[in-house]
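Asks: Below: sequence and its predicted model.
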Amino acid sequence: MAHFKYETLLNYLENQLSAEERGQVDAHTAACPRCSQRLTLLQGVLQSVAGDRTVAPPEGVLKRAIDIAHGRREFALRKPWMRVVAALSFDSRLQLSSAGTRGVAHGRQMLFTTEQVDIDLQIKRGHTDSDLLGQMLGTQSSGEVLPVFVSLQSSAGTWLRATETDSLGQFTFRQIPSGSYDLVFDLENQEVAITGLEFEND
């Protein structure tokens, strides 16, 4: 049986499924480490939201979040995997610096590469926070674009935010405070990481 989609697991946790559908989720997650891990992450999302006192996010954003995983016990259930650090191949800030351009740019475009994927990132700076827009581009010949879980993590490995790429490989994180973060993509056979990603706001 194929892996359950994020929306199905969320509906399971919110008791929106029929008894038959709940039974199917129970049986599948008991035998599938990947879906069991996703279910655990979603439970963390709902617990985090329940105790949150900030302004509630739009419903569509909440349904795509898999925020905050405490520790890494969930990863013990995964199949063997490896982490690949993506290499920076283009940075508009470096291009502007080499050209001697005056002033501070409010947007930054970057391209990171690995053997398996390319990752296009755009940082849009605001006065107190930044938005991160990205797209994962497959370099394999199949052309098939599968959803990929993306997490924004602190340098200590704490999950701060997470989402899933859409059918075009695109994703967005908004209102990111100043700081240095790691961006991690959870592929089937490996993790792809962009480390030390700097966000500097006005």
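Replies: Perfect, I can see it now. Numbers count the residues shown, from 1 in each chain.

Asks: Now the helix ranked longest in the chain: buried residues?
Replies: Identified as the longest helix of the chain according to DSSP state H is helix 33-50. For helix 33-50, a neighbour-count test (16 or more other Cβ atoms under 10 Å) marks 35, 36, 37, 38, 39, 40, 41, 42, 44, 45 as buried. (Glycine included, C-beta is placed from N, CA and C.)

Asks: now do stretch 23-35
Replies: Quick answer for stretch 23-35 (16+ other Cβ under 10 Å): 25, 28, 29, 32, 35.

Asks: picking that back up, would you mind putting the buried residues of helix 33-50 into JSON lines with pLDDT alongside?
Replies: Shown next, in JSON lines, are the buried residues of helix 33-50 (pLDDT from 0 to 100):
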{"residue": "35", "pLDDT": "80"}
{"residue": "36", "pLDDT": "81"}
{"residue": "37", "pLDDT": "79"}
{"residue": "38", "pLDDT": "77"}
{"residue": "39", "pLDDT": "78"}
{"residue": "40", "pLDDT": "81"}
{"residue": "41", "pLDDT": "76"}
{"residue": "42", "pLDDT": "75"}
{"residue": "44", "pLDDT": "71"}
{"residue": "45", "pLDDT": "67"}
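
Asks: Make JSON lines from those residues and add distance to residue 177 to it.
Replies: Shown next, in JSON lines, are those (distance: Cβ to Cβ, whole Å):
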{"residue": "35", "distance to residue 177": "32"}
{"residue": "36", "distance to residue 177": "32"}
{"residue": "37", "distance to residue 177": "27"}
{"residue": "38", "distance to residue 177": "27"}
{"residue": "39", "distance to residue 177": "29"}
{"residue": "40", "distance to residue 177": "26"}
{"residue": "41", "distance to residue 177": "22"}
{"residue": "42", "distance to residue 177": "24"}
{"residue": "44", "distance to residue 177": "21"}
{"residue": "45", "distance to residue 177": "20"}
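
Asks: Mind picking out the helix or strand in the chain with the poorest mean pLDDT?
Replies: Counting by mean pLDDT, DSSP states H and E, the chain has its least confident helix or strand at helix 59-62, which shows a mean of 60.

Asks: in this structure, which ranges drop under the pLDDT threshold?
Replies: The model of the chain has pLDDT under 70 over residues 1, 45-46, 48-81, 96-106, 139-145, 202.

Asks: how about the strands of it, start to end?
Replies: 82-85, 87-91, 107-113, 117-125, 130-138, 149-153, 159-164, 170-176, 179-186, 190-199 (DSSP state E).

Asks: chain center to the longest one, what's the gap?
Replies: Centroid separation between strand 190-199 and its chain, computed with Cα atoms, centre = their mean, to the nearest Å, is 11 Å.

Asks: residues in contact with the most centrally placed residue in the chain?
Replies: What sits nearest the mean C-alpha location of the chain, by Cα atoms, centre = their mean, is residue 150, with 1.7 Å. Counting by Cβ atoms under 8 Å, 6 or more residues apart in numbering, residue 150 touches 134, 136, 162, 163, 164, 165, 171, 183, 184, 185, 186.

Asks: one step back: switch the strands of the chain over to a markdown table; also include distance to residue 2.
Replies: What follows is the strands of the chain, written out as a markdown table (distance: least, Cβ to Cβ, whole Å):
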| stretch | distance to residue 2 |
| --- | --- |
| strand 82-85 | 24 |
| strand 87-91 | 33 |
| strand 107-113 | 30 |
| strand 117-125 | 22 |
| strand 130-138 | 20 |
| strand 149-153 | 16 |
| strand 159-164 | 16 |
| strand 170-176 | 22 |
| strand 179-186 | 17 |
| strand 190-199 | 21 |
